[in-house]
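In: Attaching a predicted model along with its sequence, questions to come.
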Amino acid sequence: MSKSNLSKYKIVFLGEQNVGKTSLITRFMYDTFDSTYAATIGIDFLSKTMYLDDKTVRLQLWDTAGQERFRSLIPSYIRDSHVAVIVYDVSSKKSFELLDKWIEDVKIERGENVIICIVGNKNDLTDERQVSLQDGEAKAKAHGAKIFLETSSKLGYNVKSLFKKIAKTLPEFEAAGKSGEEGASEMIDINVENTTTQDGQCQC
Amino acid sequence: MGHHSLQAKHSFSNSSTVSLPAERLSHLVVPSTLTANYNKSAVSKGEEEEESFHFQQNEQSNQIYSDNATATVAAVTGHLTIPKSTSRQKSLSSSFNLSVIDLYGSPNSQEQDQEQGEEGEGLSDDYEEEEPQQQQDRKPSIAQPQQSEPQINKSEYDRYGFRKQTRSVTQRQYDTWFQNKYQPHAIRRKRKWIQLFSKAGLATPDTEGLKQVRFPVKSEKLKRFVRKGIPAEWRGEAWWWFAKGNDVLQEGLYDELVVRSGNFKGKDLEVIERDLNRTFPDNLHFKSQEQGVEPEMIQSLRRVLVAFALYQPSIGYCQSLNFIVGLLLLFMSEERAFWMLVIITGRLLPGLHEMNLEGVNVSQGVLMLGLKEYVPSMFKKIMNISFDQESLKDDGENGDGYEYLRRIPPVMLTTSSWFMSVFIGSLPVETTLRVWDCLFYEDSVFMLKISLSLFKLIETQITASASSAASEESDIDEMEIFSLIQNYPKTLIDPSTLFDVIFTSRNQFNGLSQDDLVRCRQFVAEKRQTASKKNKNKSKSGGTDDLKVSRRLLANEDLWSDELYGFRSKSGAGSSIVRWNKDLSERVKRRMKR
Ligand SMILES: Nc1nc2c(ncn2[C@@H]2O[C@H](COP(=O)(O)OP(=O)(O)O)[C@@H](O)[C@H]2O)c(=O)[nH]1
Ligand SMILES: [Mg+2]
């Protein structure tokens, strides 16, 4: 297949420092987890071809630095992104509270032309949990996020599922992804997915 | 035989007890007696050497520096030759006689003999120095190590404690390159450095009991020496010397800041804390070797970063400073690392780590102009993927064709980290160190030169891939350019690949001067300032801070016209860029007089 015919989609990962953006991406790309990654400076860029059913897309993943001052650099690459994955850490209330700012940044730059996806990472840290699943869901609904999931990049939990859901929001896969009407109901039923999706049909 | 003289004593003496000269330690609170025992056993041909190294502390040291000298690393590396000492020892010794770094291993004599024929082989590594090879006549001021087998570092870790294998380089590639090429190069270069010192009548940094290290005066020759690499174990001293550390050093201030940081409660503290273990997770010295025991290096890193945040509130802590300090600490004491950070963030990379990162935008604008001038095909490609027709129309608003300086193309976010982290993580370690050598000697214009060199190499890669992909010639998309810019530099384990580009006289940018860079920065800052003003009028937030920094970067606001950004020649035509730039300086001077 000629690479130029392949549809390409930009996905930006945003969220506070240390919530696990790099880990999530690394889990998806290489299916590995290290307890430490070097901090991300500026942005990191990765791309991956994803197959779903008989269709193929190329995802561009943009990993960002979380420190506040880097935000001034970010708008230029949010600009033509299709999907914004905003990550918080379920064991950090603060990272959850700061979600609003990130979402606002995205909306300023992209208006409604972007699929917002909220992810509560590190859900393996059950003892340290500070943000409940319900709070996460509520926030996602309030912001009109199309996807909400809790993940653990450490255990690999829900990571593939996350990317599969993202793919399903893209035009190529829309038919497959449609699960009813518009709006909140498009939020895929997490509980069902949680129990089944470790492997799914995603052949990535 | 000649090679014996190359070995620093501490690396190969069978067993030595090093007492640290008290006067070198005066700036630190240290235990009154501290001895290092370095044991090496069972050295016989064809066998691995077993080494162990530990410090004995005869007295408790005082408070903040209490946990000096634990040789945790040795335990982990086993028979490896790597760390001879820990960071703290290193700091205490101010890089004399003890080193974190394993030097060269011991070369065998064949390698030495070959060397005669190697002159002029490659540009950066081997091109000729005038000195004849007369080891026998010279008496370098370091002790003769005993004869031993060539030491080959078979471990997973390199001589600085970094894991050899990365996502871009296999250990095998690393070992092959290091043993066959770089180690001989390093040995050869060190011998030349020793000769250079001896000719200049100076004692080398290896000299025992030397109170103050001096380097030869700057010259074209010394610059060439630096470009070919400073001996690893001299780097700490050399960087300090060339960056003029003594000029900024305020005796005792660092210690004071460390004490004061005890009650520092900025929000940066949390950010620093989270980055400590994410600095060099792949380096032995930064890794916890024992559950719950924090490595010395991590503690040093924390102290320096917090002290700096306290000292320089306009920067505080910015991610990437952790890498810079981390690398410095492998080569010098905490105090010196601190002052080097002051120099790097203030003089060498102005504004790059400030709260609004405006210096990043300026540096990337400068790079764009550099590309436009010297690597035009890359400039065009970046423009093509970054701006569509519409945004080019936007340009009409300011009407000057410099919209790309106001809205830095997203690709340049990748190259931003080249500057912010001074190539740590963007280039392999040994290559990064070579860049650092030159940066301190040649000033920040070297950052531009090396970036342009990288783009030259990337350009070649693109051409190569385009011709192999036959029909789709110009069809290289944003993603591919992005990944090349981001990933290709990581594969450059052999510094000569990169340094050959800069050594090639064809590349006119080699003639750029620091003045050219300063001018260009000012030009970009001014262009960006126009934008900020506009944005401010449109009442967009965030414009005011940008403005302040731009103002600061802009010394003479009215001076700059479009033709004057520093390195715009009527290109091609083989015109000498140096001459042209002189020309420009004249014009500028004349204008300034008016
Ligand atoms: N327990 C746990 N730790 C995680 C998880 N994901 C990331 N981490 C840890 O959180 C820290 C920050 O991760 P990183 O991916 O660098 O965060 P980023 O700053 O958002 O890119 C690292 O120490 C990771 O090991 C997770 O799912 N579970
Ligand atoms: Mg990261």
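Out: Received, thanks. Ligands and ions are numbered 1, 2, ... in the order given.

In: any low-confidence regions in chain A?
Out: Low-confidence segments of chain A (pLDDT under 70): A:1-5, A:174-204.

In: who does the longest helix belonging to chain A touch, helix- and strand-wise?
Out: Scanning chain A for the longest helix, with DSSP state H as the assignment, gives helix A:99-110. Applying 3 or more CB pairs under 8 Å, 6 or more residues apart in numbering or on different chains; DSSP states H and E, we find helix A:99-110 packed against strand A:7-14, helix A:75-78, strand A:83-89, strand A:115-121. (Glycine included, C-beta is placed from N, CA and C.)

In: Quick check: residues of the stretch 1-150 of chain B near ligand 2?
Out: Contact residues (CB under 5 Å from the ion) of the stretch 1-150 of chain B with ligand 2: there are none.

In: Send me the helix or strand containing A:T56 as CSV with only the CA atoms.
Out: For A:T56, the host element (DSSP states H and E) is strand A:55-64. Output in CSV follows, covering the C-alpha atoms of strand A:55-64 (Å, rounded to 0.1, in the frame of the first residue of the first chain):
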residue,chain,number,x,y,z
LYS,A,55,-8.9,-0.8,7.3
THR,A,56,-5.6,0.9,8.0
VAL,A,57,-4.7,4.2,9.4
ARG,A,58,-1.5,5.8,10.6
LEU,A,59,-1.5,7.4,14.0
GLN,A,60,0.9,10.1,14.9
LEU,A,61,1.3,10.2,18.6
TRP,A,62,2.6,13.4,20.2
ASP,A,63,3.9,13.1,23.7
THR,A,64,4.4,16.3,25.6
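
In: helices and strands around that strand, which ones?
Out: Contact here means 3+ CB pairs under 8 Å, 6+ apart; on that basis strand A:55-64 packs against strand A:7-14, helix A:21-30, strand A:43-52, helix A:159-168, helix B:478-487.

In: Looking at the stretch 201-350 of chain B, which residue is nearest chain A?
Out: B:P281 (3.6 Å; CB to the nearest CB).

In: show me what contacts that residue?
Out: By CB atoms under 8 Å, 6 or more residues apart in numbering or on different chains, the contact set of B:P281 is A:34-38, B:287.

In: Tell me the buried residues within the residues you listed.
Out: By neighbour count, with 16 or more other CB atoms under 10 Å in any protein chain shown, these hold A:37-38, B:287 as buried.

In: Intersect those residues with the contacts of ligand 1.
Out: When CB under 6 Å from any ligand atom is applied, the members of those adjacent to ligand 1 are A:Y37.

In: How about the residues of chain A by ligand 2?
Out: So chain A meets ligand 2 at A:22, A:40 (CB under 5 Å from the ion).

In: at 8 Å what do you get?
Out: Neighbours of ligand 2 within chain A, by CB under 8 Å from the ion: A:17-18, A:21-23, A:37, A:39-40, A:44, A:63-66.

In: The residue of the stretch 201-350 of chain B closest to chain A looks like it's in a helix, true?
Out: No - assignment of B:P281 by DSSP: H, G, I helix; E, B strand; the rest coil gives coil, placing it outside any helix.

In: How about the contacts made by the residue most central in space within chain A?
Out: By CA atoms, centre = their mean, chain A has its centre lying nearest to A:V85, at 3.4 Å. Neighbour list for A:V85: A:11-14, A:24, A:117-119, A:162, A:166 [criterion: CB under 8 Å, 6+ apart].

In: possible to save those residues as CSV with distance to B:Q212?
Out: CSV is the format used below for those (distance: CB to CB, whole Å):
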residue, distance to B:Q212
A:I11, 55
A:V12, 52
A:F13, 50
A:L14, 50
A:L24, 51
A:C117, 59
A:I118, 59
A:V119, 56
A:L162, 59
A:I166, 60
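
In: What is the nearest of those residues to chain B?
Out: A:V12 (10.4 Å).

In: Can you tell me how far whatever residue of chain B ends up closest to ligand 2 is from B:V360?
Out: Residue nearest to ligand 2 within chain B: B:R278 (8.0 Å; CB to the ion). Distance, B:R278 to B:V360, using CB to CB, to the nearest Å: 20 Å.

In: which bits of chain A sit near ligand 1?
Out: A:17-23, A:35-37, A:40, A:66, A:121-122, A:124-125, A:152-154.

In: make it 5 Å
Out: Residues of chain A found near ligand 1 (CB under 5 Å from any ligand atom) are A:17-23, A:35, A:37, A:66, A:122, A:124-125, A:152-154.

In: so who does the residue nearest to the residue of chain B closest to ligand 2 when sequence neighbours are not counted touch?
Out: Leaving aside its sequence neighbours, B:R278 sits nearest to A:A39 (CB to CB, 6 or more residues apart in numbering or on different chains; 4.4 Å). Contacts for A:A39 were tallied using CB under 8 Å, 6+ apart; they are A:17, A:65, B:275, B:278-279, B:319-320, B:322-323.

In: Tell me which of the residues you listed fall in helices.
Out: Checked against DSSP H, the contacts of A:A39 include these in helices: B:275, B:322-323.

In: Contact partners for B:I230?
Out: B:193, B:238-239, B:437.

In: switch the cut-off to 10 Å
Out: Contact partners of B:I230, counting by CB atoms under 10 Å, 6 or more residues apart in numbering or on different chains, are B:189-190, B:193, B:205, B:215, B:236-239, B:242, B:433-434, B:436-438, B:440-441.

In: just checking: which of these also lie near chain A?
Out: The subset of these within reach of chain A, counting by CB under 10 Å from any CB of the partner chain, is empty.
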